[in-house]
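Asks: no FASTA, just this:
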């Protein structure tokens, strides 16, 4: 996995801010005082948090000057010492956490640790920005920051500029690294959505459970269980004959032609003139077509 852009920016801005703040803290250049009476015109005095240096014509520089006005006992100077040292320590801690969280040599960075380092670096930037801004606010106030009387002038020196730049870089780097929390929060929210709810939801509409009769299944489904076909219970018993319903009807006699009147009576079939029985059967009870 490529290192995210926010982590890359944070790892670039934070060391630069640390270097600038370290220079701002140690260098004697918070305030420039010049225009001393009974001194050469090019004499300048650089005041810092820990030391004072006297410079003339950019050729001779003498540090460790005595504090004649009580500058080092001023409240902005004492507060700036404490907050700048604390800011440096917090920056080192934040960079250590960032190097462990970003892990450019690994496939997956630790988003939580990288985001935590961003928070620490952002706090370090605030700790350095507060004393620099406060010192700059009382820079010309001779009652808060003692200095020789007029015509001596006081001006902003390079250490304050470096302090502002270092604080801004720490704020940007810390904010950039703190954005590493976004993928972690997104993954956590996704897990919460996929996780099952604690209990069943109660419906706002009251429901009534109705038990419907089971439909008749086909024999192939009804008697199939445990992977085997089971014969229905009726197959183990002999089928009973179905009872006959109704009453017997009388059968009609077969139809036949009968004649109750003897139509041959008096015909004299016994006479000799009568035709012989070879053509007409004499014992037949049915009339012949010729007789009719």
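Replies: Okay, I see it. Quick caveat, the model's predicted, so the values are computed rather than measured.
Asks: how about the helices in the stretch 1-150 of the chain?
Replies: Per DSSP state H, counting those that start in this stretch, the stretch 1-150 of the chain has helices spanning 5-26, 75-102, 111-137. These are given in chain order.
Asks: Figure out which of these is closest to residue 155.
Replies: Set against residue 155 and scored by C-beta to C-beta, those come closest in helix 111-137, at 11.2 Å. Quick note: C-beta positions are derived from backbone N, CA and C, even for glycine.
Asks: and for the next helix or strand after that closest one, what are the contacting residues?
Replies: The element immediately downstream of helix 111-137 (helix or strand, assigned by DSSP states H and E) is strand 153-156. Contacts to strand 153-156, defined as C-beta atoms under 8 Å, 6 or more residues apart in numbering, come from residues 31-35, 136, 139-140, 142, 145, 147.
Asks: now the helices of the stretch 1-150 of the chain in CSV, with distance to residue 160, mean pLDDT and mean neighbour count?
Replies: Rendered in CSV, the data for the helices of the stretch 1-150 of the chain read as follows (distance: least, C-beta to C-beta, whole Å; pLDDT from 0 to 100; neighbours: other C-beta atoms under 10 Å):
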stretch, distance to residue 160, mean pLDDT, mean neighbour count
helix 5-26, 7, 91, 20
helix 75-102, 10, 91, 18
helix 111-137, 6, 91, 22
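Asks: In JSON lines: those, plus distance to residue 61.
Replies: Below are these laid out as JSON lines (distance: least, C-beta to C-beta, whole Å):
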{"stretch": "helix 5-26", "distance to residue 61": "15"}
{"stretch": "helix 75-102", "distance to residue 61": "21"}
{"stretch": "helix 111-137", "distance to residue 61": "23"}
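Asks: Are any of the contacts of strand 153-156 buried, and if so which?
Replies: 31-34, 136, 139, 145, 147 (16 or more other C-beta atoms under 10 Å).
Asks: Quickly name whichever of those is closest to residue 74.
Replies: For the buried ones among the contacts of strand 153-156, the minimum distance to residue 74 (C-beta to C-beta) is 5.2 Å, reached by residue 145.
Asks: Tell me who's in contact with the closest one.
Replies: When contacts are counted by C-beta under 8 Å, 6+ apart, residue 145 is found next to 31, 71, 74, 76-77, 135, 138-139, 154.
Asks: what does the model give it for pLDDT?
Replies: Model confidence at residue 145, expressed as pLDDT, equals 86.
Asks: before we move on, what about residue 181?
Replies: In the prediction, the pLDDT value recorded for residue 181 is 83.
Asks: separation between residue 128 and residue 33?
Replies: In this structure, residue 128 lies at 24 Å from residue 33, with C-beta to C-beta, to the nearest Å as the measure.
Asks: can you check residue 176 too?
Replies: Between residue 176 and residue 33 the computed distance is 38 Å (C-beta to C-beta).
Asks: who's in contact with the nearest residue to residue 52 once chain neighbours are set aside?
Replies: The spatially closest residue to residue 52, leaving aside those adjacent along the chain, is residue 65, at 4.1 Å (C-beta to C-beta, 6 or more residues apart in numbering). Contact partners of residue 65, counting by C-beta under 8 Å, 6+ apart, are 45, 52-54.
Asks: just to revisit the earlier point, would you check which pair of the buried ones among the contacts of strand 153-156 lies furthest apart?
Replies: Maximum distance among the buried ones among the contacts of strand 153-156 (C-beta to C-beta): 18.0 Å, for 34 and 136.
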